[in-house]
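Enquirer: Sequence below, structure please.
(2 chains)
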Amino acid sequence: MAINWFKYSAPSTFYGLAGKLIPFFAWPAVILFAIGLYIGFFVAPTDAVQSEAYRIIFIHVPASILSMFIYLIMAGYAALGLIFNTRLSSMMAQALAPTGALFAFISLWTGALWGKPMWGAWWVWDARLTSELILLFLYLGFIALQASIEDPRRADKASALLAIVGSVNVPIIYFSVKWWNTLHQGATIKMTGTSMHVAMQQAMFIVLVACWLYVIAVALARVRSIILERERNTQWVSELKEVR
Amino acid sequence: MNKLSLFGLLGLVIRRDLLLAMRRRADVLTTLIFFVMVVSLFPLGVGPEPEMLRKMASGVVWVAALLASMLSLPRMFSADHADGTLEQMMLAPQSLSVLVLGKILAHWTLSGLPLALIAPVLGLQFDMSVQALWILVLALLLGTPVLSMIGAVGAALTLGLRGGGVLVSLLVLPLCIPVLIFGAGAVEAVNGGMSAVSNLALLGAFTLFALVFTPFVAAQALRISME
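Expert: Residues are numbered from 1 along each chain as shown, chains lettered A, B, ... in the order given. Here you go, the predicted model:
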């Protein structure tokens, strides 16, 4: 049986597929959010040192992980679009950027809420906080460049180049900020095992998966809008049920 | 017609850009005056205590240098873009990357180099020690080329866009943060009685790294913008 792997790389076919896939990611995301947050807020024990305030990590840690991860995925899609000249990859990159920026913002905001009771300050110029802030700036630059170029293909290519330069620069920025100053507590989850309670680990992991599914669902929904917007003058769009 | 060698082309582009700039000296001077003004505003804002000024001097000079070099970035390609010269340059048989490198070097000579040379005078306003002043100049000489190089990528990406001037700062400033950290860090290390060698070495490493990649990336960006 021959499968055409590239069938869904055309915006016109992917539009329908994305619409069908969204519920399969959105509903599990909602359910897992509910389970994860329930375990996190009601089942997980109170922390010995940080008391109840630590519970914000169930939002903070998944948001931070995804804000960094989405940048890589976004840069990957952008690079694919630049190299193979595929329109859909560039649209995916464009669709992921606002969600990435949102997670970077949530990570900073929840970090500030945690920092006030723990460190006694909303903000400290620590390496991880600073690099997360710079990551937010990089997302905003990507979105701003994309938004200010009229021609969508030029916008795709220009922002792709920016994303690639940014992803080369991210490790340099991270290490320079790290050597500059560090105050953040060390990583709790290490490769060699963890000092965390099992329920805490479960809650964090479930929320992480929920966030991940949410990202996919939202990116698919947004890429559908982008496809409609860009292909509005084509035959297949004018024949769609929801457009007619 | 005789074909130019790479270094011939490089020299030609640099000579041409410098000559053009000399015909419009005001542009170069505005950037320099902006730099002097921004640095001089800080003591007015935070107070004249020499102890505090000495501490923040290197950071202030570096941030002002960063802003001043952003100011002149949109001019790097825009004039050539407006009169069609850039298109002719892209049609030339020689490598576009080398041409871009020439424009970067010319831009640095007109923006980064004057800043580094005038910085000691501003440092005196902040009561910096002689040793710190030397390190400041050295760090600026090593670090400002990176600003021109990363800036060239931003300038090429935003070529011909509405509000390109502000946008280019938005794109380039976050990428320049490592230079700011180690540039200002070099002077701070000397003030703290340590050696500035590691900071200066890292700055030099950034410059070399950027020298290898950014002309190529900026050339690609120009091709995207000129399609």
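
Enquirer: In contact with B:Gly183, which residues?
Expert: B:Gly183 makes contacts with B:58, B:62, B:139-140, B:142-143, B:199, B:203, as judged by Cβ atoms under 8 Å, 6 or more residues apart in numbering or on different chains. The C-beta positions use only the backbone N, C-alpha and C, and glycine is treated the same way.

Enquirer: Kindly recompute the last result at 6 Å.
Expert: B:62, B:139, B:143 (Cβ atoms under 6 Å, 6 or more residues apart in numbering or on different chains).

Enquirer: Go through the residues you listed and say which is closest to chain A.
Expert: B:Gly143 (12.2 Å; Cβ to the nearest Cβ).

Enquirer: all helices of chain B, in order?
Expert: Taking DSSP state H as the test, the helices found in chain B are B:6-23, B:25-46, B:50-72, B:75-82, B:85-91, B:96-110, B:112-125, B:130-157, B:164-175, B:177-191, B:197-226.

Enquirer: and chain A, which residues reach chain B?
Expert: Counting by Cβ under 6 Å from any Cβ of the partner chain, the residues of chain A close to chain B are A:134, A:137-138, A:141, A:144, A:148, A:157-158, A:161, A:169, A:172-173, A:176, A:180.

Enquirer: in chain B, what spans have low per-residue confidence?
Expert: By pLDDT under 70, the low-scoring segments of chain B are B:1-3.

Enquirer: Test my guess that A:Leu138 contacts A:Ser167.
Expert: No. Look at A:Leu138 against A:Ser167 with Cβ atoms under 6 Å: they stay out of range, at 8.8 Å.

Enquirer: higher neighbour count, those two?
Expert: Relative neighbour count places A:Leu138 above the other of A:Leu138 and A:Ser167, with 27 against 17, counting by other Cβ atoms under 10 Å in any protein chain shown.

Enquirer: Spatially nearest residue to that one, not counting backbone neighbours?
Expert: A:Gly166 (4.7 Å; Cβ to Cβ, 6 or more residues apart in numbering or on different chains).

Enquirer: That neighbour: neighbouring residues, count only.
Expert: So A:Gly166, with other Cβ under 10 Å, has 25 neighbours.

Enquirer: Same check on B:Ala186?
Expert: Using other Cβ under 10 Å, B:Ala186 has 30 other residues around it.

Enquirer: what does the one 10 residues further on give?
Expert: Taking other Cβ under 10 Å as the criterion, the count of residues near B:Ala196 is 24.

Enquirer: Likewise for the one 5 residues further on?
Expert: By the other Cβ under 10 Å criterion, the neighbourhood of B:Ala201 contains 13 residues.

Enquirer: if I look at it, how far off is chain A?
Expert: B:Ala201 sits 13 Å away from chain A, going by Cβ to the nearest Cβ, to the nearest Å.

Enquirer: Give me the nearest residue to B:Glu87, chain neighbours excluded.
Expert: Once flanking residues are discounted, B:Glu87 sits nearest to B:Met226: 6.6 Å by Cβ to Cβ, 6+ apart.

Enquirer: rewinding a little: pretty sure the residue nearest to A:Leu138 contacts A:Leu136?
Expert: No. A:Gly166 sits out of contact with A:Leu136 when judged by Cβ under 6 Å, with a separation of 12.0 Å.

Enquirer: can you map out the strands along chain A?
Expert: A:189-190, A:193-194 (DSSP state E).

Enquirer: for B:Ala152, what are its contacts?
Expert: B:104, B:218.

Enquirer: can you rerun that using 10 Å?
Expert: Shown in contact with B:Ala152 (Cβ atoms under 10 Å, 6 or more residues apart in numbering or on different chains): B:73, B:76-77, B:100-101, B:103-104, B:107-108, B:172, B:210, B:214-215, B:217-219, B:221-222.

Enquirer: Relative to B:Val190, how far out is it?
Expert: 31 Å (Cβ to Cβ, to the nearest Å).

Enquirer: For chain A, which segments are assigned as helices?
Expert: With DSSP H as the criterion, chain A has helices at A:11-38, A:57-84, A:87-119, A:127-148, A:152-180, A:198-230, A:235-238.

Enquirer: can you redo these as CSV with distance to B:Ala68?
Expert: Listed next are those as CSV, based on distance: least, Cβ to Cβ, whole Å:
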stretch, distance to B:Ala68
helix A:11-38, 44
helix A:57-84, 30
helix A:87-119, 29
helix A:127-148, 20
helix A:152-180, 22
helix A:198-230, 38
helix A:235-238, 48
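
Enquirer: can you put those in CSV and add distance to B:Leu117 and mean pLDDT?
Expert: Shown next, in CSV, are the helices of chain A (distance: least, Cβ to Cβ, whole Å; pLDDT from 0 to 100):
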stretch, distance to B:Leu117, mean pLDDT
helix A:11-38, 54, 89
helix A:57-84, 38, 91
helix A:87-119, 39, 90
helix A:127-148, 30, 89
helix A:152-180, 26, 85
helix A:198-230, 49, 90
helix A:235-238, 59, 84
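
Enquirer: for these, which one sits closest to B:Leu9?
Expert: helix A:152-180 (23.8 Å; Cβ to Cβ).

Enquirer: tell me what the closest one is packed against?
Expert: Judged by 3 or more Cβ pairs under 10 Å, 6 or more residues apart in numbering or on different chains; DSSP states H and E, helix A:152-180 is in contact with helix A:57-84, helix A:87-119, helix A:127-148, helix A:198-230, helix B:130-157, helix B:164-175, helix B:177-191, helix B:197-226.

Enquirer: Check the offset of it from the chain's centre.
Expert: 15 Å (Cα atoms, centre = their mean, to the nearest Å).

Enquirer: Now do that helix and helix B:130-157, the angle between them.
Expert: 160 degrees (axes from the mean of the first three to the mean of the last three Cα atoms, to 10 degrees).

Enquirer: buried ones in helix A:152-180?
Expert: Neighbour-count burial for helix A:152-180, counted by 16 or more other Cβ atoms under 10 Å in any protein chain shown, picks out A:152, A:154-167, A:169-170, A:172-174, A:176-177, A:179-180.
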